[in-house]
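*Asks:* predicted model and sequence below, questions to follow.
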Amino acid sequence: MDTSLLNRFKDPELARGLVERIKQLAASLDKAREGRPLALMEVCGTHTVSFAKSGVRSVLPANVRLISGPGCPVCVTANSDLDRIIAATRLPGVTVATFGDMMRVPGSSTNMQERRAQGASVEVVYSPLDALALAEKTPEQQVIFVGVGFETTTPLIAATVKRAKTAGVGNFSVFTAHKRVTPALDALANDPELALDGLILPGHVSVIIGSEPYRFLPEHYGIPSVIAGFEPVDLLLGIVKLLEQLLAGKPQVEITYGRVVHAEGNPNALATIEEVFTETDAVWRGLGCIPNSGHVLRDEFAAFDAARRFDLASLTEHTVEPKGCNCGEILRGIMPPSECPLFGGLCTPAHPVGPCMVSSEGSCAAYYRYQIG
Ligand code: SF4
């Protein structure tokens with residue numbers, strides 16, 4: 001991308017102008033709402049980190065509250081799924097291949113880093129293709145790739161499964177814990193404790209799915225929604241657009257990240273997902289079981305489905321959540337990280353108690369690193 005274009009989205013002058021505009025709009029809204037603060041949620045973990053890093057939170061007027069949502073894929077992975085992945089590390093002849101962020105996420109009794117220290121075969125990979133290459137290099141091992149992520153990562157995993165099938169790689173499979181964003185947004189929009197006034201929608205996911213799948217937010221729930229980028233000017237512009245929609249009383253889905261997001265998304269990526277996966281109910285940490293919010297491999301690809309191939313559900317013990325951890329409330333947006341009694345004391349990035357402090361995109365880790373609270 002043209003760096004001069006990118007620099008415009010970091011321009012301090014532009015940012016100052018937008019902050020002024022936010023203050024004007026917020027003042028007008030404050031009168032209309034008789035002092036009731038506005039609750040705007042940034043859904044995606046990368047936005048949470050960008051807001052924290054840029055300091056945007058600190059320049060917002062008091063009546064504009066930013067809430068961090070459930071957009072960290074590692075964090076929303078349910079403990080029951082983690083326990084299944086950890087159970088797989090106990091199977092003889094099995095290598096579990098995972099993104100590094102998952103290594104320290106605590107399951108009910110241990111995590112993958114500890115399992116590796118105990119001698120289990122656990123490999124960190126940077127892409128599902130690395131896991132497939134590992135399977136091809138070690139035909140004596142069964143390689144299970146841990147498929148965690150939203151629609152941003154699902155197309156590459158789907159393409160990898162297709163490649164494995166075409167190449168006839170019989171010792172590769174995927175544990176599918178993928179999530180779909182829109183059913184979770186539906187659950188959040190329905191949550192009376194949240195009463196959202198606006199949503200900053202995920203930029204990366206929207207590159208894949210486009211803006212159309214979000215139309216129910218303004219049309220059914222009346223919630224203003226903006227697909228924003230990640231630079232300071234992107235973030236501020238996203239807030240300006242939400243406040244303008246609120247003031248005008250005309251909620252809609254606006255794209256302010258038009259340099260990469262288009263209404264129709266990425267048709268090729270969507271077709272690849274559709275070919276390999278089908279929708280299924282999925283359990284989210286904090287949000288519970290949400291209908292059609294997950295992806296599972298279609299029957300034609302069942303041979304690459306680790307859960308079916310190894311019957312992992314029957315191998316797991318009773319699932320328990322990390323003691324004292326409030327990640328569920330944090331992912332639902334009803335508690336800011338700094339209100340968790342363990343935040344910054346018993347729970348830090350060096351000694352994390354829950355996944356929101358482990359993952360680089362977790363709200364607790366971002367709030368701790370940039371001292372928000
Ligand atoms: Fe869980 Fe730690 Fe976050 Fe508290 S601070 S919610 S214990 S991850």
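*Replies:* Okay, I see it. Numbering: from 1, shown residues only.

*Asks:* where does the closest residue to the ligand within the stretch 51-200 of the chain fall, phi/psi-wise?
*Replies:* Ranked by CB to the nearest ligand atom, the top residue of the stretch 51-200 of the chain for proximity to the ligand is residue 75, at 8.4 Å. The way it works is simple: take the backbone N, C-alpha and C, and place the C-beta from them, glycine included. For residue 75, the backbone dihedrals (degrees, to the nearest 10) come out as phi -70, psi -40.

*Asks:* repeat for residue 352
*Replies:* phi -70, psi 140.

*Asks:* strands of the chain, residue ranges please.
*Replies:* 38-44, 64-71, 94-98, 122-124, 142-149, 172-178, 198-201, 225-227, 253-255, 277-284, 288-297 (DSSP state E).

*Asks:* could you dump these to a markdown table with distance to residue 344 and mean neighbour count?
*Replies:* Converted to a markdown table, the strands of the chain look like this (distance: least, CB to CB, whole Å; neighbours: other CB atoms under 10 Å):
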| stretch | distance to residue 344 | mean neighbour count |
| --- | --- | --- |
| strand 38-44 | 21 | 24 |
| strand 64-71 | 16 | 25 |
| strand 94-98 | 27 | 23 |
| strand 122-124 | 27 | 19 |
| strand 142-149 | 26 | 26 |
| strand 172-178 | 29 | 27 |
| strand 198-201 | 26 | 28 |
| strand 225-227 | 31 | 27 |
| strand 253-255 | 36 | 22 |
| strand 277-284 | 25 | 18 |
| strand 288-297 | 28 | 18 |
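
*Asks:* adding mean pLDDT, write these out as TSV.
*Replies:* Compiled in TSV, the strands of the chain are given as follows (pLDDT from 0 to 100):
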stretch	mean pLDDT
strand 38-44	96
strand 64-71	94
strand 94-98	98
strand 122-124	98
strand 142-149	97
strand 172-178	97
strand 198-201	98
strand 225-227	98
strand 253-255	98
strand 277-284	97
strand 288-297	97
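
*Asks:* of all those, which lies closest to residue 214?
*Replies:* strand 253-255 (4.8 Å; CB to CB).

*Asks:* what packs against the closest one?
*Replies:* Packing contacts for strand 253-255, counted by 3 or more CB pairs under 8 Å, 6 or more residues apart in numbering; DSSP states H and E, involve strand 225-227.

*Asks:* what does the strand it packs on contact?
*Replies:* Residues outside strand 225-227 that contact it (CB atoms under 8 Å, 6 or more residues apart in numbering): 198-203, 206, 211, 214, 217-218, 238, 241-242, 245, 251-257, 261.

*Asks:* coming back round to it: need the contact list for the residue of the stretch 51-200 of the chain closest to the ligand.
*Replies:* So residue 75 contacts 45, 285, 327, 331, 355, 356, 359, 361, 362, 363 (CB under 8 Å, 6+ apart).

*Asks:* with distance to residue 88 added, can I get the strands of the chain in a markdown table?
*Replies:* As requested, the strands of the chain are arranged in a markdown table below (distance: least, CB to CB, whole Å):
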| stretch | distance to residue 88 |
| --- | --- |
| strand 38-44 | 28 |
| strand 64-71 | 25 |
| strand 94-98 | 5 |
| strand 122-124 | 9 |
| strand 142-149 | 5 |
| strand 172-178 | 7 |
| strand 198-201 | 34 |
| strand 225-227 | 36 |
| strand 253-255 | 39 |
| strand 277-284 | 18 |
| strand 288-297 | 16 |
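
*Asks:* nearest to residue 79, of those?
*Replies:* When these are compared (using CB to CB), the closest one is strand 277-284, at 9.0 Å.

*Asks:* which positions in the stretch 151-300 of the chain make contact with the ligand?
*Replies:* By CB under 6 Å from any ligand atom, no residue of the stretch 151-300 of the chain approaches the ligand.

*Asks:* ranges for the helices of the stretch 51-200 of the chain?
*Replies:* 56-59, 73-76, 79-88, 112-117, 128-137, 154-167, 181-189 (DSSP state H, counting those that start in this stretch).
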